[in-house]
Each structure stands twice: as structure tokens, then as C-alpha cells.
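1. Based on what follows, work out the 3D shape:
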Amino acid sequence: MVCGQGVYARTLSPGVTYTGIDISKDLLTEAKKLDKNGQHSYYVADAARGIPTPADSFDHAVCILAIQNMQDAALTIANIALSLKPGGDLVIVMNHPCFRIPRQSSWEIDEANKLEYRRVGQSLPLAP
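-> Here you go, the predicted structure:
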């Protein structure tokens, strides 16, 4: 659902119907350019203000590395929940804030092992 430039959409099997939603028109333009699957659709929307699809529309929803950047994460999650069918799944992937220090952490790629990972040189202290 919250899709950025559509990386997740491009990992899905060709027959999977997918709807991507993001507040950034520029990211969605890139997603549409890179995604050649005709069963995928994209909408510019603020998930905290509502999902532009009918309630009970989706079996699954994902939010990858976005929720920690949203001002109203709880409302976003509530709106995603409304869009899920009963028993639907929501998967959220996020970085803990202590691992988001400028110039002290970054995404790295290990080509030999085909891994993308977060390198952390220093972390913020955790609250007591």
C-alpha cells in the first residue's frame, strides 16, 4: 500500500493485483515508470487522511520504511485497517529511531550474498 517508488510491487508475481498509495507524486511517477504490470495501480494520497479505495478491499497491506516518518502513524494504521478485508494482514517494516543518525547509519548492499542491510556505525542511546 504505502509504496514509495514501488520496489515491493516489482517483487510480486505477475498475476497479483496491487494498489500502491503514497503522498509523494514524484515517487509514484517513478513507481509507474518502473512497474510494467497492468494489474498494478497507484494513487497519490495521505494515508492518515484516508485510503482512496472502498473498505474491505485488500487481503494484505504492507508499509515498508515509511511509518516512522509519518506524523500520525496511529491514524494511518487505522485507515489501512479499514481497507483490509476481515482477517487481512498488515505488515509494517520500520527502523527504530536509534538507528537513524545522519552519517552514522546507511543502507548497504552485499552483492556476493545478495543482501541489502542497514549499516549502523553508532546508535542513539535508548531511553531508560
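2. Quick one: residues contacting Ile92.
-> Taking Cβ atoms under 8 Å, 6 or more residues apart in numbering as the criterion, Ile92 is in contact with Val62, Cys63, Ile64, Ile67, Ile77. In short, each C-beta sits where N, CA and C put it, glycine included.
3. I'd assumed it was in a strand, is it?
-> Yes - residue state for Ile92 (DSSP: H, G, I helix; E, B strand; the rest coil) corresponds to a strand.
4. how about Leu27, secondary structure?
-> Here Leu27 is recorded as helix under three-state DSSP.
5. For the protein, which segments are assigned as helices?
-> Using DSSP state H, the helices of the chain run over 25-34, 73-83.
6. Compare those helices and give me the one nearest Ser123.
-> Closest of those to Ser123 is helix 73-83, at 21.2 Å (criterion: Cβ to Cβ).
7. How about the closest one, which residues are buried there?
-> Neighbour counts over helix 73-83 (16 or more other Cβ atoms under 10 Å) mark Ala73, Thr76, Ile77, Asn79, Ile80, Ser83 as buried.
8. With stretch 41-52 instead?
-> Tyr42, Ala45, Asp46, Ala47, Ala48, Ile51.
9. And that stretch, end to end?
-> 12 Å (Cα to Cα, to the nearest Å).
10. please renumber so the chain begins at 49
-> Got it, first residue is 49 now, which makes that one stretch 89-100.
11. about what we covered before: Throw the buried residues of stretch 89-100 into a markdown table and include distance to Thr67, thanks.
-> Below are these laid out as a markdown table (distance: Cβ to Cβ, whole Å):
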| residue | distance to Thr67 |
| --- | --- |
| Tyr90 | 8 |
| Ala93 | 10 |
| Asp94 | 15 |
| Ala95 | 12 |
| Ala96 | 17 |
| Ile99 | 9 |
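12. right, and the pair among those residues with maximum separation?
-> Farthest pair in these (Cβ to Cβ) is Tyr90 and Ala96. Separation: 17.9 Å.
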